[in-house]
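Chemist: Got a predicted structure plus its sequence, pasted below:
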Amino acid sequence: MLGNKNKKNKTVFGGIGVALLLCMLMVLMPMSGYVDNNETTATVESVEADSTGAEDYFALPEKLAEADYEYDPSLELQGMRDAKTKAFLNEDGTITQMVASEPVHYMSADGTWEDINLNIQAYPEGWGVTENTFMTYFAPEVANGISVQANEFVQPVISGLNPMLVTLDATGSAPEPFFTAPSPNGVEVGGNVIRYPLAEGFDLDYSVESNQIKQNLVLREVPVIPEAAEYFGLSEGLRMPAGYALFSGEEILGEELFKTQEDLQIRNLETGELLVEIPAPVIMEAGAEEPYMGTFFVQVYGPEIILITVVESDWLLDEDRVYPVAIDPSIRVNSASGGYCYIYYAYCYTSSYRYHYRYYGSYYYVPWHKYTFTSSSALPSGATVDKIEFKKYMNYANGASRTF
């Protein structure tokens, strides 16, 4: 959860959404043996990203290549894999063990740990990502939403149903459709991102990460908002599995309209077990220097959720606003402890986001991660640590859309 929930009237966060692999490298003494761990129609455009500047801040990424960890893949000791660990045999007989902050492997149907592949693939009835810690499917039409299978033994969460641009008054109780010209574009797919056009100048992006689905409502131009409208944003439906409910902290939400800038959780009613989390929405703007929070208005009718994610109209219409702007709700499946630090204020936030943001040569945000070593990640018997290094591998960036 973000540490700063206050509204800001001048600037927003413009961080680069990156897939980060922050690894602790441990070189171990040689060991004699290891244990094997294997125990409908739609117009689609495939795009190539370019990096011409700030106007391409939300350009789609290229196909994500396999991460280069500086070690020979043929020397990986695959029997030492787990969700967040890789190990490589060095020339001198020692072993380098990499412990990542987020998953780098998923468990296959055969019971083996395989490399995660976040590239969106085409299927007969849409698109999907299946080589991940959870399965995600995207409908050919934006109105039919996305399916997030967070637990193989539980029905998927359906999100993004019938998305619609709306305005709200101060009470949030009377959403009005926002009418504008239709978009001439079709559905676009690039790397781990799929883009649905909602209207001319408004796109709905979904990006798949190893721990969450990020949704961006991208506003490419200043919307013409009615004077009486206090908020502008996106209304969508979600559907929960049977036996689950939407929570805000310990409170179960229902038909009464609920307003919040905090995280929401979908939990099992009997056990309280968390299935997925909906992090507090963050507003992103190219070149902004500090975070800005959006607002949720939510109502629940049985398994159906009506979620409206908005930002204040005055903020969008501020003369200092730089477009494009993105309103960023997400569905988080799992996350390690961490967040990001704002260098200017010398302050760190605990968050599901791992911002690493450089703008015109100046760093504004850097991510932080917490590593917890348990019995499952303990050193094998007889091994000792020779050195520990901290490295970051960034294999793609959203915004300038560069691959590394």
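Modeler: Nice, thanks for sending it over. Here the structure is a predicted model, which is why all the values come from computation and not from measurement. Numbering: from 1, shown residues only.

Chemist: Surely residue 132 is in contact with residue 116?
Modeler: Yes - between residue 132 and residue 116 there is a contact under C-beta atoms under 8 Å: 5.4 Å. The way it works is simple: take the backbone N, C-alpha and C, and place the C-beta from them, glycine included.

Chemist: residues shared between the contacts of these two?
Modeler: Shared contacts of residue 132 and residue 116, defined by C-beta atoms under 8 Å, 6 or more residues apart in numbering, are found at 106, 210.

Chemist: what's the average pLDDT for stretch 125-140?
Modeler: Stretch 125-140 shows a mean pLDDT of 96.

Chemist: what about it, distance to the chain center?
Modeler: Between the centre of stretch 125-140 and the centre of its chain there are 15 Å (C-alpha atoms, centre = their mean, to the nearest Å).

Chemist: Pull out the buried residues from that stretch.
Modeler: Of the residues in stretch 125-140, those buried by neighbour count under the rule 16 or more other C-beta atoms under 10 Å are 126-129, 131-140.

Chemist: Okay, and which of those residues map to strands?
Modeler: Among these, the subset assigned to strands under DSSP state E consists of 126-129, 135-138.

Chemist: Including distance to residue 225, could those go into JSON lines?
Modeler: Shown next, in JSON lines, are those (distance: C-beta to C-beta, whole Å):
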{"residue": "126", "distance to residue 225": "33"}
{"residue": "127", "distance to residue 225": "32"}
{"residue": "128", "distance to residue 225": "36"}
{"residue": "129", "distance to residue 225": "35"}
{"residue": "135", "distance to residue 225": "38"}
{"residue": "136", "distance to residue 225": "32"}
{"residue": "137", "distance to residue 225": "34"}
{"residue": "138", "distance to residue 225": "29"}
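
Chemist: ok, of those, which one's closest to residue 226?
Modeler: Within those, distances to residue 226 taken as C-beta to C-beta reach their minimum at residue 138, with 32.2 Å.

Chemist: any idea how far that closest one is from residue 193?
Modeler: Counting by C-beta to C-beta, to the nearest Å, the gap from residue 138 to residue 193 is 11 Å.

Chemist: Need the overlap of contacts for these two.
Modeler: Taking C-beta under 8 Å, 6+ apart as the contact definition, residue 138 and residue 193 share the neighbouring residues 120, 206.

Chemist: And the strands in the stretch 1-150 of the chain, which stretches?
Modeler: With DSSP state E, counting those that start in this stretch as the definition, the stretch 1-150 of the chain shows strands at residue ranges 17-28, 44-46, 85-89, 95-100, 105-107, 113-115, 121-123, 126-129, 135-138, 144-149.

Chemist: From residue 244, how far out is residue 101?
Modeler: 28 Å.

Chemist: who's more crowded, those two?
Modeler: Neighbours around residue 101 and residue 244, counted as other C-beta atoms under 10 Å, are more numerous at residue 101. The numbers are 23 against 20.

Chemist: Is the more buried one in contact with residue 85, as I believe?
Modeler: No - between residue 101 and residue 85 there is no contact under C-beta under 8 Å: 11.5 Å.

Chemist: Contacts for stretch 267-274, please.
Modeler: For stretch 267-274, the surrounding residues in contact (C-beta under 8 Å, 6+ apart) are 243-245, 247, 265-266, 275.

Chemist: Extract the C-alpha set from it and format it as CSV.
Modeler: The C-alpha atoms that make up stretch 267-274 are tabulated as CSV, following Å, rounded to 0.1, in the frame of the first residue of the first chain:
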residue,chain,number,x,y,z
ARG,A,267,-11.2,-13.2,0.1
ASN,A,268,-12.7,-16.6,0.9
LEU,A,269,-15.7,-16.1,3.2
GLU,A,270,-15.0,-19.2,5.3
THR,A,271,-11.3,-19.2,5.6
GLY,A,272,-10.4,-15.5,5.0
GLU,A,273,-7.7,-16.6,2.5
LEU,A,274,-6.7,-13.9,0.1
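
Chemist: Would you mind checking the average pLDDT for that stretch?
Modeler: 95.

Chemist: For this structure, which helix or strand comes out least confident on mean pLDDT?
Modeler: Each helix and strand of the chain was given a mean pLDDT (mean pLDDT, DSSP states H and E); the minimum falls on strand 17-28 at a mean of 33.

Chemist: Now for residue 132: which residues touch it?
Modeler: Each residue near residue 132 by C-beta under 8 Å, 6+ apart is listed here: 106, 116-118, 208, 210.

Chemist: among the residues you listed, who's most crowded?
Modeler: Of all these, residue 208 has the most neighbours under the rule other C-beta under 10 Å, reaching 27 neighbours.

Chemist: Just to check, that one is in contact with residue 129?
Modeler: Yes - checked against C-beta under 8 Å, the pair residue 208 and residue 129 is within contact range at 4.7 Å.

Chemist: so what's in contact with those two at the same time?
Modeler: With C-beta under 8 Å, 6+ apart as the test, residue 208 and residue 129 both reach 118, 120, 136, 192.
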